[in-house]
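# model this:
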Amino acid sequence: MSSKTGICNIRDVLAVIVLTFVLAGVDAAVAGDRVPGERWMRFATPEEAGFDAAKLERARRFAERIGSAAVMVVYDGAILVDWGDTDRRYRSHSARKSLMSGLYGVHIGLGTIDPNKTLAELGIDERRNPLTEIEKTATTYDLLAGRSGIYLPAAYEPATNPKPERGAYKPGEHFCYNNWDFNALATIFEQETGAKIFEEFQTRIAAPIGMQDYHPSHGYYHFDSEKSIHPAYPFRMSARDYARFGLLYLNDGRWGDRQVLSAAYVRKSRSRISDAAWNGGYGLMWWLHDEEPFKSLGMFSAYGNYCQSIDVIPGADMVFVNRVDSYTDDLITITWQQHKELIRMILDARTGDPKTNPELVPVPEPHSPYVAAPISPAKRQRYVGEYPAIYETPVRVFVEDDQLMISFGEGDVPLDYLGENHFIVRDFHEHMYFARRADGQSFEMVSMWGLIVAAQKAMDRHDADEANVILEKLKTYFPNCETGHRLRSKLRMWEAGVKLRAAIDEFRAIAERRPQVTLEISPIAWGVATQWARLNPIRLPEFVQRRYVGTYGTHHITLKDGSLYHARSGEPPARLQAMAWNLFRYERAGGLRLKFECDETGNVTEMKIIKKDRVHDSAPRSAGTNADETPAKTG
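Numbering: from 1, shown residues only. Below is the predicted model of the structure:
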């Protein structure tokens with residue numbers, strides 16, 4: 001089959017998917033009023049909903065492979081699939097912005113908030129970088145759309161987030177995904193409504209739509225006074241509560257017979273206000289899509305780091321939710337393309353219309369991954385107190401409503417008792433231990449992240465002794481901690497590096513005084529140099545790089561101005577950057593790697609080109625091209 005024919009077939013398949021769902025949308029408009037009560041209902045089988053079970057199983061395996069912690073798909077108001085920990089509250093990251101947009105939808109509908117008020121009228125400003133008169137002409141609506149024209153530092157935002165120069169655009173002229181806008185909305189909201197964000201979300205949205213896992217304590221204010229006076233407002237929320245929020249938007253803000261959000265505001269939120277190169281378009285704190293079949297199906301998305309998503313698909317009468325565990329020390333990021341591929345697999349699993357009266361069954365409450373043990377009030381009280389900071393915030397342990405709680409900078413979180421001095425932080429699933437101090441009365445808190453942060457700080461100070469003590473404690477309490485393994489390896493390499501650098505300096509001094517002995521001790525020098533290169537993979541010494549110069553079949557490696565270059569016969573050379581002592585990447589093609597294989601004595605025997613962790617091409621070194629035997633030609 002030709003590639004042209006293949007493209008046509010792919011387009012035909014997409015067209016069929018879109019047409020199938022658009023035609024089904026006529027019936028969905030009637031059936032789409034179905035919403036869950038206290039508990040979700042699930043289709044008894046995928047076939048009851050008109051879906052292929054085998055294709056959904058392939059989608060489940062794909063979700064598992066790419067690292068989804070929880071996936072939930074709501075179709076026709078009931079659950080089609082729910083995989084993973086759908087009741088566990090994960091960090092929302094930037095999906096918080098769409099939750100805030102919902103609160104604005106409530107209060108704009110009530111008339112409490114006027115979106116056309118300017119920042120000057122609202123009295124909104126900054127302390128470190130006061131707003132200019134032009135910046136103060138931005139409206140609340142401009143902030144909701146990411147078009148304020150105010151390009152200032154913001155809390156909960158990486159330093160690498162690209163922004164135009166301050167004053168480059170006037171308010172309303174240009175879209176920029178800008179946390180300053182979204183954070184200032186928190187200040188405006190609380191000022192205009194007189195309510196706190198997380199409590200108001202519970203009252204106005206979570207309770208009316210029956211969220212099962214949300215509580216106001218699952219959000220907190222993230223301040224960064226060095227950047228801005230306006231805080232971020234991270235939420236922790238479960239997949240099944242995300243799905244309710246998405247279903248609310250799918251139904252234009254209506255839940256049963258109650259209009260929770262302004263329908264006009266929901267429609268405005270999902271309309272294209274700005275073009276956004278990253279994905280397609282942007283509405284009022286919701287992302288829009290240009291890629292098919294998503295554009296034709298009208299999909300709009302709440303999206304947070306690592307792929308926390310709520311994807312509302314009106315043309316398919318569907319809500320898709322994906323969650324990723326960002327509490328772990330071994331983070332997984334699902335790419336946007338992997339995310340969309342998973343949604344495509346779900347859409348492609350549809351075989352026809354749902355049954356007229358499909359069999360629905362109640363979803364049972366999920367089982368906890370651990371069982372909390374009972375703890376007496378007297379024993380519980382022993383752990384109450386303040387402890388040293390894990391990050392920058394002091395840790396406080398206290399009792400609230402007969403539940404031991406911990407506060408460490410991400411809100412107040414329950415501590416569940418597992419056994420003597422052993423607890424687990426709910427949602428985070430992080431184990432914590434309380435170790436008795438020498439006095440036998442007081443405790444010190446031992447947490448994985450606390451030890452990681454302390455070890456990293458000790459290593460930053462080059463205090464190897466303290467770092468070793470901390471890492472040994474980390475190994476004792478948390479033997480499976482991946483970050484601990486990496487830090488121990490880094491520390492061992494650093495300690496060895498101190499000795500190796502001294503050996504290299506000594507070798508260089510000998511080589512400068514007596515060049516004639518260089519070849520006699522080159523195996524020793526090679527061993528030392530390659531170890532040094534492992535410690536400093538970006539700055540390989542020139543005498544190490546020269547070992548790789550030569551011809552490998554049709555490939556040529558040359559050395560020029562302290563850098564290695566690779567070229568095929570008849571092609572211009574490409575500069576290489578060292579990643580390890582024998583591994584390089586192309587400066588302008590990061591997906592390819594060059595790896596040099598060596599024998600026991602350090603002589604280079606083969607070059608391999610690696611693409612996507614597989615050997616793409618390889619060639620042995622041609623005889624007589626060793627840099628120690630023949631002069632190197634520069635590229």
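# the lengthiest strand in the chain packs against which elements?
If you go by DSSP state E, the chain has its longest strand at strand 589-598. Where contact means 3 or more Cβ pairs under 8 Å, 6 or more residues apart in numbering; DSSP states H and E, strand 589-598 is packed against strand 574-580, strand 583-586, strand 604-611. Glycine gets a C-beta too; all of them are placed from N, C-alpha and C.
# quick check: mean pLDDT of it?
Averaging pLDDT along strand 589-598 gives 74.
# just to revisit the earlier point, which one, of the helices and strands packed on strand 589-598, ends up nearest to residue 366?
Proximity to residue 366 (Cβ to Cβ) singles out strand 604-611 among these, at 41.3 Å.
# rewinding a little: what sits up against the longest strand of the chain?
Residues from elsewhere that reach strand 589-598, judged by Cβ atoms under 8 Å, 6 or more residues apart in numbering: 548, 566, 574, 576, 579, 582-586, 604-612, 616.
# dump the helices and strands packed on strand 589-598 into a markdown table; add mean pLDDT as well.
Shown next, in a markdown table, are those (pLDDT from 0 to 100):
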| stretch | mean pLDDT |
| --- | --- |
| strand 574-580 | 80 |
| strand 583-586 | 80 |
| strand 604-611 | 85 |
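# got a markdown table for the ones you listed, with mean neighbour count too?
Formatted as a markdown table, the helices and strands packed on strand 589-598 follow (neighbours: other Cβ atoms under 10 Å):
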| stretch | mean neighbour count |
| --- | --- |
| strand 574-580 | 16 |
| strand 583-586 | 18 |
| strand 604-611 | 17 |
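# do you know which of those strands lies nearest residue 361?
strand 604-611 (47.5 Å).
# helices or strands up against the closest one?
Applying 3+ Cβ pairs under 8 Å, 6+ apart, we find strand 604-611 packed against strand 550-552, strand 589-598, strand 614-620.
# listing partners with orientation, what would you give for the first one?
When you say that, I think you mean strand 550-552. Using DSSP bridges, the strands paired with strand 550-552 are strand 555-560 (antiparallel).
# residues contacting residue 159?
So residue 159 contacts nothing (Cβ under 8 Å, 6+ apart).
# now it: how far from residue 597?
40 Å (Cβ to Cβ, to the nearest Å).
# again with residue 397
For residue 397 relative to residue 597 (Cβ to Cβ), the value is 55 Å.
# these two: who's more crowded?
Neighbour totals were compared for residue 397 and residue 597, and residue 397 leads with 21 against 13 (other Cβ atoms under 10 Å).
# show me the beta-bridge partners of the more buried one.
residue 385, residue 406.
# and the gap between it and residue 384?
Distance of residue 397 to residue 384, computed by Cβ to Cβ: 6 Å.
# please enumerate the shared neighbours of the two.
With Cβ under 8 Å, 6+ apart, residue 397 and residue 384 have common neighbours residue 404.
# neighbours of residue 70, how many?
Residue 70 has 22 neighbouring residues, counting by other Cβ under 10 Å.
# shouldn't it be in contact with residue 83?
Yes. With contact defined as Cβ atoms under 8 Å, residue 70 and residue 83 form a contacting pair (6.8 Å).
# residue ranges in the stretch 201-350 of the chain under the pLDDT threshold?
Of all residues in the stretch 201-350 of the chain, those with pLDDT under 70 make up the ranges 329.
# strands of that one, residue ranges please.
Taking DSSP state E, counting those that start in this stretch as the criterion, the stretch 201-350 of the chain contains strands spanning 222-224, 228-232, 236-237, 254-255, 258-259, 274-276, 280-282, 287-289, 300-304, 308-313, 318-323.
# and of these, who's closest to residue 423?
Of all those, strand 236-237 comes closest under Cβ to Cβ, at 18.2 Å.
# quick one: that closest one to chain centroid distance?
With Cα atoms, centre = their mean, to the nearest Å as the basis, strand 236-237 stands 15 Å off its chain's centre.
# contact partners of that strand?
With Cβ under 8 Å, 6+ apart as the test, strand 236-237 has contacts from 89-92, 99, 213-214, 218-219, 410-411, 427.
# buried residues in stretch 424-435?
Residues 424-428, 430-434 are the ones in stretch 424-435 that count as buried (16 or more other Cβ atoms under 10 Å).
# redo the residues you listed as TSV? Include secondary structure.
Shown next, in TSV, are these (DSSP: H, G, I helix; E, B strand; the rest coil):
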residue	secondary structure
424	strand
425	strand
426	coil
427	coil
428	coil
430	strand
431	strand
432	strand
433	strand
434	strand
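# now for the residues you listed: which two are most distant?
So, the buried residues of stretch 424-435 by Cβ to Cβ: farthest apart are 427 and 434, at 19.7 Å.
# centre-most residue in this structure?
Residue closest to the average C-alpha location in the chain (Cα atoms, centre = their mean): residue 306, at 2.1 Å.
# low-confidence stretches in the stretch 451-600 of the chain?
497-498, 500-539, 580-581, 587-591, 600.
# what ranges do the helices span in it?
Assigned by DSSP state H, counting those that start in this stretch, the stretch 451-600 of the chain shows helices spanning 464-477, 482-513, 522-535, 542-545.
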